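> sequence below, structure please.
(one chain, ligands or ions: 2)
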Amino acid sequence: MTDTLTIRRPDDWHLHFRDGDIMRGVVPYTARQFGRAIVMPNLTPPVTTSALAAAYRERILAAVPEGVSFTPLMTCYLTDTTDADDLVRGAATGVFTAAKLYPANATTNSAAGVSDVERIYPVLARMEAEGIVLCVHGEVTDHDIDVFDREAEFIERHLRAIVNAFPALKVVFEHITTADAVAFVESASENVAATITPQHLHINRNAMLVGGIQPHNYCLPVAKRETHRLALRNAATSGSAKFFLGTDSAPHLRSAKENACGCAGIFNAPFALESYLTVFDQEEALDAFEGFASIHGPAFYGLPVNEDAITLERGSVIVPESLELVGEEIVPFHAGQTLGWRMAG
Ligand code: NCD
Ligand code: ZN
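Ligands and ions are numbered 1, 2, ... in the order given. Predicted coordinates:
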């Protein structure tokens, strides 16, 4: 039995840091494990320009603990009125690594998102020409579509059309939750990839809805039925370069989660690698972990892999019931559970 695993340092290709004191509180959890992270732009107000992104990047860097090397990779929040020239300039000067498509009102802080995907086709054409990666929150928002069907419907209504109209555009279908999304990504060109979160590998919708409502297992896209979870586990551990790590760690304080209108988002940053590795171990796929965590993401983005390495070892980690953040409580993913792997050293 393998008891230690040494791999190139991983990156997180989808993450929410927020801003201000919360950001300063959560950055160290990510910087402990990852070399880089794609930082989501859904602040209030959203990060819609290269100037806002450059300033946000500085605030994040100031929160990285002394002696730790961590690089935030910034994204541009696309709106109906995105300035394509600013986006292209921001990418050329290294401020932007990608741009993010939120369908308006699909999720937390997405009200300023795109009202009709076709409205941003001119921006997507520029991105295709310039080689700027598009990150997609792939859910329709139509009220007549059941929340459990919104991802599959997005593929049929929008994603196929985007990929056909812009075949050279690099598209990351983010935090996929369905067998439909796995099949779409597998059948698409090499310019289409997907990130998978730890929660969608661990839980199905029962974890949210059985035994009383479980707000800490609620995120968007919502966890689906078991067949979908199994398809995601197969994809993540398959060795396919189209699938890579993106935690979608989305901190909300306990008071905002345990609420009559609880926020969507799971805070998984504190034990993200331990969580993923537990899945790869259960699937007897430890050999595939380095590709998923450290190699496929940089390859897709055209970036070098990290130079340094980390070691994980078999051993118990007890995840606390709650953590302190800005003088309040936040409940991490796996609260109260014991995971079977930990970071060494
Ligand atoms: C995210 C958040 O809280 O910002 N929430 C979530 O449930 N994943 C937004 C998102 O990525 O959808
Ligand atoms: Zn997210």
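> pretty sure E128 sits in a helix.
Yes - under DSSP: H, G, I helix; E, B strand; the rest coil, E128 sits within a helix.
> my guess is it contacts F166. True?
Yes - here E128 reaches F166: they are 4.5 Å apart, a contact under CB atoms under 8 Å. From N, CA and C alone the C-beta is placed, and that goes for glycine too.
> and the residue lying closest to L124 once chain neighbours are set aside, its phi and psi?
In space, and not counting its chain neighbours, L124 is closest to F166: 5.3 Å by CB to CB, 6 or more residues apart in numbering. Note on F166: backbone dihedrals following degrees, to the nearest 10 are phi -130, psi 70.
> for F166, what are its contacts?
Counting by CB atoms under 8 Å, 6 or more residues apart in numbering, F166 touches 124-125, 127-128.
> what of E139?
E139 is in contact with 103, 106-107, 150-151, 153-154, 220-221, counting by CB under 8 Å, 6+ apart.
> go with 6 Å
Taking CB atoms under 6 Å, 6 or more residues apart in numbering as the criterion, E139 is in contact with 106, 150-151, 154, 221.
> likewise S110?
Listed by CB under 6 Å, 6+ apart, the contact set of S110 reads Y102.
> quick one: mean pLDDT for stretch 3-12?
Averaging pLDDT along stretch 3-12 gives 98.
> do stretch 327-338 as well
pLDDT averaged over stretch 327-338 gives 98.
> what's the answer for stretch 314-324, then?
Averaging pLDDT along stretch 314-324 yields 97.
> please apply the same query to stretch 138-150.
97.
> stretch 69-77 too?
Per-residue scores along stretch 69-77 average to 98.
> quick check: buried residues in that stretch?
70-77 (16 or more other CB atoms under 10 Å).
> swap in stretch 79-92?
Buried-residue list, stretch 79-92, by 16+ other CB under 10 Å: 79, 82, 84, 86-88, 90-91.
> now these in TSV, with distance to R233?
Listed next are the buried residues of stretch 79-92 as TSV, based on distance: CB to CB, whole Å:
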residue	distance to R233
T79	35
T82	36
A84	38
D86	40
L87	35
V88	38
G90	36
A91	34
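> which among those residues gets closest to ligand 1?
Nearest to ligand 1 among those: T79, at 16.1 Å, using CB to the nearest ligand atom.
> let me see the contact set for that closest one.
48, 112.
> kindly indicate whether it is helix, strand or coil.
Classification of T79 by three-state DSSP places it in coil.
> ok, A99 next?
A99 ends up strand, using three-state DSSP.
> now the residue lying closest to it once chain neighbours are set aside: which helix or strand?
Spatial nearest neighbour of A99, excluding adjacent residues (CB to CB, 6+ apart): C76 at 4.3 Å. C76 is located in strand 71-77, with elements delineated by DSSP states H and E.
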